[in-house]
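K.L.:
Requesting a structural model of the entry that follows:
(chains A, B, C, D, E and F)
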6 protein chains.
Amino acid sequence: MAIIRAEIGKRDQETKNAIIAELTDVLVKYGSPRENTHVLLYEVSYDNWAKGGLTYNERKKQAQESS
Amino acid sequence: MAIIRAEIGKRDQETKNAIIAELTDVLVKYGSPRENTHVLLYEVSYDNWAKGGLTYNERKKQAQESS
Amino acid sequence: MAIIRAEIGKRDQETKNAIIAELTDVLVKYGSPRENTHVLLYEVSYDNWAKGGLTYNERKKQAQESS
Amino acid sequence: MAIIRAEIGKRDQETKNAIIAELTDVLVKYGSPRENTHVLLYEVSYDNWAKGGLTYNERKKQAQESS
Amino acid sequence: MAIIRAEIGKRDQETKNAIIAELTDVLVKYGSPRENTHVLLYEVSYDNWAKGGLTYNERKKQAQESS
Amino acid sequence: MAIIRAEIGKRDQETKNAIIAELTDVLVKYGSPRENTHVLLYEVSYDNWAKGGLTYNERKKQAQESS
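P.N.:
Numbering: from 1, shown residues only, chains lettered A, B, ... in the order given. Next up, the predicted model:
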């Protein structure tokens, strides 16, 4: 059994379905029964997600200003 | 003390209040001080929540098509 | 369907089994299919869990010293 | 390296940026490399967040009624 | 960017390394920069992980007794 | 109110106490009542925590071999 939570940026439904299917396949390959393998996607806004103390939206803005 | 996080499907407020009250009662019964018992509900879309590699929305659709 | 995560202090197995069973019953009562209801307990050390800026172990120590 | 998740009430973007920057500074001060320090904010509705078995919205309402 | 958390049963290090590498490949395939793709494995005891109100250890014991 | 979860490497208790106190101060500064501000530290093994598809232990080993 396995529960996978993935925090990602926004994706369309087709891409989310593909991510879910392939993440599941990885865990099944390593022993988790398919029907006991769960995936939950959290699409996190880049206004709420930061690296190095700056949100990804802020990082993008600064990269554009300095280019 | 206890912190409970429950990932559930969408519910109306009255149902959420009942779930919160009763989850709290369980933890209090087993020793957690009431005012140190916290509950957070995450209502997860069935487009983002999967079992066996298929979202619950997709599973429902397939079940209807095959019936 | 529901996934419940509860962060609690250390408990013996009998108590954990009871907590799990009763948390599950709450979600089933409000519509989650029993076999799609999952519970995970995280027993968190009071050295790593804080309220008001002090770990629960530290709070206990200070309470004893001031009494 | 560090990953910080903070569940908070709703905040404006300026405040979120400040919270992110200062949480990051704390971890960097204690040894986490800045560019390996991540923060994610989850703004949780007070309809879904409870203490003592009552949502914060419900607690507020009861406090107002009793005053 | 992506952060994946997988709750799994106990695995040896070689298997964990393979799971991590392949989960990462899935996210990279769908647009997450490799060096911004993080995986954390939580190996949860089957005494603390339940489905249908019974821990996986308890379910296994009951399955053996009834066979 | 705020709940902070920080995934970090192993730290001694004194450092953990300092991290907890200072993370709490940040949230209190931006409006969270002190006694409703919670911190939980998860010390994650570098065998279970990966970036770019390799655990931090594996990355360290490879960095040493190539130097």
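K.L.:
near chain E at all, the host helix or strand of A:Glu14?
P.N.:
Taking DSSP states H and E as the definition, A:Glu14 sits inside helix A:13-29. Yes: interface with chain E: helix A:13-29 contributes A:Thr15, A:Ala18, A:Ile19, A:Glu22, A:Leu23, A:Val26, A:Leu27, A:Lys29 (CB under 8 Å from any CB of the partner chain). To be clear about C-beta, it is placed using only N, CA and C from the backbone, and glycine gets the same treatment.
K.L.:
State the number of residues packed around A:Lys10.
P.N.:
Taking other CB atoms under 10 Å in any protein chain shown as the criterion, the count of residues near A:Lys10 is 10.
K.L.:
Who's the closest spatial neighbour of it, skipping the chain neighbours?
P.N.:
A:Glu43 (5.0 Å; CB to CB, 6 or more residues apart in numbering or on different chains).
K.L.:
who's that neighbour bridged to?
P.N.:
The partner list for A:Glu43 in beta bridges (DSSP bridges) reads A:Ile8.
K.L.:
do the same with A:Ile3
P.N.:
The partner residues for A:Ile3, given DSSP bridges, come to A:His38, E:Glu7.
K.L.:
pretty sure it contacts E:Glu7?
P.N.:
Yes: if you go by CB atoms under 8 Å, A:Ile3 and E:Glu7 touch, sitting 4.5 Å apart.
K.L.:
hey, what's A:Ala50 bridged with?
P.N.:
A:Thr55, D:Val39.
K.L.:
Now do the same for it: its pLDDT.
P.N.:
Looking at A:Ala50, its pLDDT reads 98.
K.L.:
Also the one 10 residues further on?
P.N.:
As predicted, A:Lys60 sits at a pLDDT of 95.
K.L.:
Quick one: neighbours of the nearest residue to A:Leu27 once chain neighbours are set aside, just the number.
P.N.:
Excluding its sequence neighbours, the residue lying closest to A:Leu27 (CB to CB, 6+ apart) is A:Ala2, at 4.3 Å. Neighbour count of A:Ala2, defined by other CB under 10 Å: 23.
K.L.:
Let me see the contact set for A:Ala2.
P.N.:
A:Leu27, A:Ser32, A:Asn36, A:Thr37, A:His38, E:Ala6, E:Glu7, E:Ile8 (CB atoms under 8 Å, 6 or more residues apart in numbering or on different chains).
K.L.:
Of those, grab the buried ones for PyMOL.
P.N.:
Restricted to buried positions by 16 or more other CB atoms under 10 Å in any protein chain shown, the PyMOL selection for these reads:
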select buried, (chain A and resi 27+32+36+37+38) or (chain E and resi 6+7+8)
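K.L.:
which one of the contacts of A:Ala2 is nearest E:Glu65?
P.N.:
A:Asn36 (20.8 Å; CB to CB).
K.L.:
Surely A:Ala50 touches D:Glu22?
P.N.:
No: using CB under 8 Å, A:Ala50 is not in contact with D:Glu22; the gap is 11.3 Å.
K.L.:
Who has more neighbours out of those two?
P.N.:
Legend: neighbour count by other CB under 10 Å for A:Ala50 and D:Glu22, higher for A:Ala50 (26 against 18).
K.L.:
and the most centrally placed residue in chain A, how far is that from chain C?
P.N.:
Centroid-nearest residue in chain A: A:Ile8, 2.6 Å away (criterion: CA atoms, centre = their mean). Per CB to the nearest CB, to the nearest Å, A:Ile8 is found 18 Å from chain C.
K.L.:
can you check A:Gln62 too?
P.N.:
Taken as CB to the nearest CB, the span from A:Gln62 to chain C is 33 Å.
K.L.:
quick one: that residue is in a strand?
P.N.:
No: read with DSSP: H, G, I helix; E, B strand; the rest coil, A:Gln62 is helix and lies in no strand.
K.L.:
before we move on, back to that, B:Gln62: which of the residues of helix A:13-29 next to chain E is nearest?
P.N.:
A:Ala18 (16.5 Å).
K.L.:
least trustworthy helix or strand in chain A by mean pLDDT?
P.N.:
One helix or strand of chain A scores below all others by mean pLDDT, DSSP states H and E: helix A:56-65, with a mean of 95.
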